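> make a model of this:
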Amino acid sequence: DLLAIFMAVTGLLLHPAGTRVFSAAPNSQWPLFDATNTLLRIVLPLIPAVAGLFLGAPLIAREFETGAEKFTWVQGAGRTRWFVANVVPVVMLLAVIAAGLGVEHDWWTAPLLGYNQSWRLDLFGLRPLPFAGWIVLGFTLGVFFGTVIRRTVAAMAATLACYLLLMYNA
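Sure, this is the predicted structure:
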């Protein structure tokens with residue numbers, strides 16, 4: 001939420017009257033662009049890891065740690081139905097939020113980088129669909145490690161390590 005508001009406020013300063021009135025290189029000396037661009041390039045790629053750490057990993061690992069799975073999964077709804085009911089809405093919400101952040105980032109960079117930035121390798125992971133894929137991957141890693149390891153903190157550590165390995169090798 002704060003990141004989206006921050007991008008909106010600084011984007012309105014970068015988009016005077018909604019038109020492209022200036023052009024600058026990505027290494028512009030303009031302080032607002034430089035500071036915000038640096039912050040966004042560090043923070044945005046880590047949002048999927050945060051989703052995996054704090055939403056995905058504890059989702060099922062917490063059930064095992066508290067012993068709630070013994071009571072939850074023997075009720076009328078089976079494991080599959082419980083899993084789908086808990087995971088699918090969160091994944092869909094995260095994907096929509098990530099796509100929205102990707103669209104906002106595209107809008108934010110448009111006056112400085114131009115509207116023909118779709119295939120820049122340094123920004124491709126922040127495009128709406130790839131960013132949604134990254135956030136779903138981060139969350140899914142958290143759910144996977146939470147299910148396999150069955151301990152929240154260990155699953156969070158494994159999620160972070162695996163996500164960072166994938167992110168920096170992609």
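
> only C-alpha atoms from now on, for both contacts and neighbour counts.
OK.

> touching, residue 160 and residue 53? I think so.
Yes. Look at residue 160 against residue 53 with CA atoms under 8 Å: they come within range, at 6.8 Å.

> name the residue in those two with the higher neighbour count.
Higher neighbour count among residue 160 and residue 53: residue 53, with 27 against 22, using other CA atoms under 10 Å.

> wait, what's in contact with that one?
139, 142, 155, 156, 157, 159, 160 (CA atoms under 8 Å, 6 or more residues apart in numbering).

> taking those together, which two end up most distant?
139 and 157 (13.3 Å; CA to CA).

> would you tell me which helix is longest in the protein?
helix 79-113 (DSSP state H).

> circling back: mind checking which of the contacts of residue 53 are in strands?
Counted as lying in strands by DSSP state E, out of those, is not a single one.

> can you tell me the element residue 136 falls in?
Per DSSP states H and E, residue 136 falls inside helix 128-149.

> contacts for that helix, please.
Counting by CA under 8 Å, 6+ apart, residues outside helix 128-149 touching it are 47-53, 55-61, 91, 94-103, 124-125, 152, 155-156, 158-159, 162-163.

> got the angle for it vs helix 79-113?
Interaxial angle, helix 128-149 versus helix 79-113 (axes from the mean of the first three to the mean of the last three CA atoms, to 10 degrees): 140 degrees.

> and helix 128-149, what's buried?
128-129, 131-147, 149 (16 or more other CA atoms under 10 Å).

> likewise stretch 54-64?
Residues 55, 56, 57, 58, 59, 60, 61, 62, 63, 64 are the ones in stretch 54-64 that count as buried (16+ other CA under 10 Å).

> name the nearest residue to the fourth one, ignoring sequence neighbours.
Put plainly, it is residue 58. If the residues on either side of it in the chain are set aside, residue 58 comes closest to residue 152, at 5.2 Å by CA to CA, 6 or more residues apart in numbering.

> how about the contacts made by that neighbour?
Here residue 152 is in contact with 57, 58, 61, 62, 65, 146 (CA under 8 Å, 6+ apart).

> do you know how far the spatially most central residue of the chain is from residue 92?
Compute the mean C-alpha point of the chain, and by CA atoms, centre = their mean the closest residue is residue 48, 3.3 Å away. For residue 48, the distance to residue 92 (CA to CA, to the nearest Å) stands at 14 Å.

> residues contacting residue 1?
Listed by CA under 8 Å, 6+ apart, residue 1 has no contact partners.
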